[in-house]
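K.L.:
all I have is the shape, not the residue letters:
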């Protein structure tokens, strides 16, 4: 029998689990089948890989050698597979742009600007509420560029080999119906919303925890948080069921006003990401510049955001 990668993965699983019983459960095998497979692997390698005892298994000297090599071989093969997949999926022309982004006006504004700057480029878009999903699509070569974001100064979505650059940082505003008692305020203190129910779009970063921490500092615990899509969020605010949390660039919507929170307890950092290997440096510079200009245009179209920037002397 020749040694294969699956055999190394089996040996690693046994070592990590510490017993054949637990490893069999992880691998979805019956224990006798795993024991027989281990014996075949040991015959191929010329000796026992594990010593069996009352409390599980322990690697022999030969087993330690195999495990040490597997820690190098398995990640290297995985990386090779990922690189090959990215290369196969990457378009061979610079005039093809696959863009991704979270929900909001920035992706549309970027597409609009790029359509003028590179009019012969073929563009496709994908949206997701999950920054991690967008990062994974970049890593797998299914996207060329992605607009994502993080709460405050949190780290960008994690995936090996990705480059992230800041587009802009927005304060987080609150959305209230026009008839709300606080709708005419220039800004709203978080403590004044202690009795409200809340709504926001979902995410897989730390925004929810940061919001809860801000409320705790203000002396209250949110009564309820509805995590929903943008259309449902708007509806809940319009009918007075909840107040919403949104980025300051949220577009003007009938029946709703957006107001800054006193002291800016929450912020959202817009990021543009691409893969360091398959990404094109010249195209990345163009897309980043257009993303920043797209954000400036979206921000200027919001009266409440424009007023906030003027009050805080943001250029």
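P.N.:
Alright, I've got the coordinates. These numbers come from a predicted model, not from an experiment.
K.L.:
need the three-state assignment for residue 186.
P.N.:
Three-state assignment for residue 186 (DSSP: H, G, I helix; E, B strand; the rest coil): coil.
K.L.:
tally up the residues packed near it, please.
P.N.:
11 (other CB atoms under 10 Å). Heads up, the C-betas are built off the backbone N, CA and C, glycines and all.
K.L.:
and it, how far is that from residue 171?
P.N.:
Per CB to CB, to the nearest Å, residue 186 is found 13 Å from residue 171.
K.L.:
and the strands in this structure, which stretches?
P.N.:
With DSSP state E as the criterion, the chain has strands at 50-53, 56-59, 96-101, 122-127, 145-151, 162-177, 198-200, 225-227, 243-247, 256-260, 267-275.
K.L.:
mutual contacts of residue 186 and residue 171, please.
P.N.:
Residues touching both residue 186 and residue 171 (CB atoms under 8 Å, 6 or more residues apart in numbering): residue 260.
K.L.:
re earlier: for residue 304, find the nearest of the strands of the chain.
P.N.:
Between residue 304 and the strands of the chain, the tightest spacing by CB to CB is seen for strand 256-260, at 4.9 Å.
K.L.:
list the neighbouring strands of the closest one plus their orientation.
P.N.:
Note on strand 256-260: by DSSP bridges, its sheet partners are strand 162-177 (antiparallel).
K.L.:
got the strands of the chain as CSV, with mean neighbour count columns?
P.N.:
Conversion of the strands of the chain to CSV gives the following (neighbours: other CB atoms under 10 Å):
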stretch, mean neighbour count
strand 50-53, 13
strand 56-59, 17
strand 96-101, 21
strand 122-127, 14
strand 145-151, 25
strand 162-177, 21
strand 198-200, 21
strand 225-227, 14
strand 243-247, 24
strand 256-260, 22
strand 267-275, 22
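K.L.:
a markdown table please, covering these and showing distance to residue 22.
P.N.:
Output for the strands of the chain, formatted as a markdown table (distance: least, CB to CB, whole Å):
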| stretch | distance to residue 22 |
| --- | --- |
| strand 50-53 | 13 |
| strand 56-59 | 8 |
| strand 96-101 | 39 |
| strand 122-127 | 39 |
| strand 145-151 | 37 |
| strand 162-177 | 34 |
| strand 198-200 | 40 |
| strand 225-227 | 36 |
| strand 243-247 | 43 |
| strand 256-260 | 53 |
| strand 267-275 | 37 |
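K.L.:
of the ones you listed, which is nearest residue 206?
P.N.:
Nearest of the strands of the chain (CB to CB): strand 145-151, 5.1 Å.
K.L.:
between the closest one and strand 122-127, how many degrees?
P.N.:
30 degrees (axes from the mean of the first three to the mean of the last three CA atoms, to 10 degrees).
K.L.:
wait, residue 62 sits on residue 47?
P.N.:
Yes. Using CB atoms under 8 Å, residue 62 makes contact with residue 47 at a distance of 4.7 Å.
K.L.:
dump the residue contacts of the closest residue to residue 105 other than its chain neighbours.
P.N.:
Using CB to CB, 6 or more residues apart in numbering and skipping the chain neighbours, the partner closest in space to residue 105 is residue 298 (5.0 Å). Residues near residue 298 by CB under 8 Å, 6+ apart: 105, 106, 109, 249, 251.
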